[in-house]
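Asker: Model the following, please.
(one chain, ligands or ions: 1)
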Amino acid sequence: MAKYPFSYKNIHHCEAVVLSCIDFRFWKETVKFVKSSPPAGGLGIKIFDFPSLPGAAKTINESADDKSLAMQCISVPVNLHHAQKIVIINHQDCGAYGGSEKFNGDIEAEQQFHETELKKAKAKILAKYPDKEVILVYAKLVDNGDNIEFITVS
Ligand SMILES: [Zn+2]
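Answerer: Got it, this is the predicted structure:
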């Protein structure tokens, strides 16, 4: 039997919900980026819900209504955990979108596409939660694929 200390005893609120892609190549670094404080280039968010769905913003953009799984990934943290910030993180070479090959190696076009997707999702979320802060991020492979750079999209 495994037993671990429960870090959040009697804590029911979190600062943010971070919706990211399921991709195993990105989520560990995504957590580091979200937690690290702004001087280190991160968001400085320590306590957050962390739903992941294939394509992140894609699932919001394709959701038909508030009952969709994607919208529930936002509404539960916001309504039950009182999350004030909503972070959506898309990434380069996302299989849910057909990967990088869909862009024939045009890294700029791929980034532009994801930024448009993220902004579309933001508009949809703000229509429902106008008083929340929505933060958009694109995880880009840089340095010949050795590093992941997290770029805030405004
Ligand atoms: Zn993905």
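
Asker: what's the following helix or strand after the longest helix along the chain?
Answerer: For the chain, the helix reaching the highest residue count under DSSP state H is reported as helix 107-128. Later in the chain than helix 107-128, the nearest helix or strand by DSSP states H and E is strand 133-142.

Asker: Which strands or helices does whichever helix or strand comes after that following strand pack on?
Answerer: Next along the chain after strand 133-142, taking DSSP H and E as the criterion, comes strand 147-153. Where contact means 3 or more CB pairs under 8 Å, 6 or more residues apart in numbering; DSSP states H and E, strand 147-153 is packed against helix 27-35, helix 107-128, strand 133-142. Heads up, the C-betas are built off the backbone N, CA and C, glycines and all.

Asker: now check strand 147-153, is it near the ion?
Answerer: No. Strand 147-153 lies apart from the ion when judged by CB under 5 Å from the ion; the minimum separation is 12.4 Å.

Asker: Could I get the average pLDDT for that strand?
Answerer: Averaging pLDDT along strand 147-153 gives 97.

Asker: What residues sit buried inside it?
Answerer: Ile148, Phe150, Val153 (16 or more other CB atoms under 10 Å).

Asker: Now do that strand against helix 107-128, angle only.
Answerer: Put simply, strand 147-153 runs at 50 degrees to helix 107-128, going by axes from the mean of the first three to the mean of the last three CA atoms, to 10 degrees.

Asker: what lines up beside strand 147-153 in the sheet?
Answerer: strand 133-142 (antiparallel) (DSSP bridges).

Asker: could you check the angle helix 27-35 makes with the strand it pairs with?
Answerer: Using the same axes, to 10 degrees: strand 133-142 against helix 27-35 is 130 degrees.

Asker: quick one on the thing from earlier: winner for burial among the helices and strands packed on strand 147-153?
Answerer: Comparing these on average neighbours per residue, with mean count of other CB atoms under 10 Å, the densest one is strand 133-142 at a mean of 19.

Asker: how about it against the ion, any contact?
Answerer: No. Strand 133-142 lies out of reach of the ion by CB under 5 Å from the ion, never closer than 9.2 Å.

Asker: Need the residues that contact that strand.
Answerer: 26, 29-30, 33, 43, 84-93, 107, 111, 114-115, 118-119, 121-122, 125-126, 147-154 (CB atoms under 8 Å, 6 or more residues apart in numbering).
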